[in-house]
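J.: coordinates for the following, if possible.
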Amino acid sequence: LGVDETLMLKMGQGVLSLSFSILFCAITDNQENQMFVADFMPVLLAHLNTQQLAVRCVTEMLSKNIELQETKIGTREIQIFVDKLRSSKMNAMYLQLLQSCCSCEGNGVDGNQCKVANMLFVDTNDIIIHLHADYGRVKSVNWNQPSLYITSKPVPGCPIRGESLITKGLPQMSLAWTTNSIDFSPLGLFGKLSVNVDELFATLETLSMTAGPGDKKAPAAGGAGMSKALKSKKKSSEEQKQAVARYFIAEMFLGAEMCMDRNYVAMHQLDPLFPFEVLV
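T.: The predicted structure is shown next:
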């Protein structure tokens, strides 16, 4: 862009920001105005990436107006959220907005919960982080056996749910996904799309120790340049770790809102993501 085009673009963004500021003031705690604005919801959704006030406007309407949730939020709006989530490369904000569609002031919105469950989980590639029980790494746990329900040596051919937790031990957790938007090369985990949770966070701690201020183990060769590189690597690693943590936490909160008030459609969609051994 030339200088004139850049100036016009900046001016337009400024006007847009002021417009959303006025809009937010007009709809705050005003359900009548919210119902009117909701008719133009796709316009607000188009600016979610660039205007933080657009996010606040949408959240304000969804969180406080049950009539709006039930009459103005439908398949079209939820599909926009899902499409933007898929194209955003794991932006937790869209999970939080989908979460806002599922409840209002502590009550589940049944119709929207079902829509989110059915539309979001048609294809979980690129949008859902899966939590797996890693039986390659198990920890022996004292379950105070034997008990009334399961002996220390379970009878062959008579499996009990969770029996493997007694016989094999407690597995460690791994996060897995299919998107390439999270790059773990700064952590030394090149090309991995499945990472043991302990390994992910322990690697970051190792980097922190290596590049820590005044650490005697920090390599002296390379001087300031080496120190700067280590700090940059540490910062990048921290950002990657936080991105995964924010996204997975938002995913769990969305699941909770989908299931609020015992929505069995949502519960059945989440069953494969949280099997018994993982929950234990």
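J.: list the contacts for the closest residue to residue 126 other than its chain neighbours?
T.: Setting aside the residues directly before and after it, residue 126 is nearest to residue 179 in space (C-beta to C-beta, 6 or more residues apart in numbering), at 4.3 Å. C-beta: built from backbone N, CA, C; applies to glycine. Contact analysis of residue 179 by C-beta atoms under 8 Å, 6 or more residues apart in numbering lists 89-90, 125-127, 193.
J.: what ranges does this protein have for its helices?
T.: Secondary structure of the chain (DSSP state H): helices located at 3-27, 31-38, 41-46, 52-64, 66-72, 75-87, 92-102, 110-120, 163-167, 197-211, 223-259, 264-270, 276-279.
J.: please name every helix or strand in contact with the third one.
T.: To tie it back to what came earlier, the one meant is helix 41-46. Packing partners of helix 41-46 (3 or more C-beta pairs under 8 Å, 6 or more residues apart in numbering; DSSP states H and E): helix 52-64, helix 75-87.
J.: and the angle for the last one with helix 110-120?
T.: The reference is to helix 75-87. 40 degrees (axes from the mean of the first three to the mean of the last three C-alpha atoms, to 10 degrees).
J.: run the chain-centre distance for helix 75-87.
T.: Taking C-alpha atoms, centre = their mean, to the nearest Å, the mean C-alpha location of helix 75-87 is offset from the chain mean by 15 Å.
J.: count the residues that sit near residue 18.
T.: By other C-beta atoms under 10 Å, 11 other residues sit near residue 18.
J.: any idea which residue sits dead centre in this structure?
T.: residue 247 (2.4 Å; C-alpha atoms, centre = their mean).
J.: tell me the contacts of that residue?
T.: 90-92, 95, 129.
J.: of the contacts of residue 179, closest to residue 33?
T.: Checking these against residue 33 with C-beta to C-beta, the nearest one is residue 127 at 32.6 Å.
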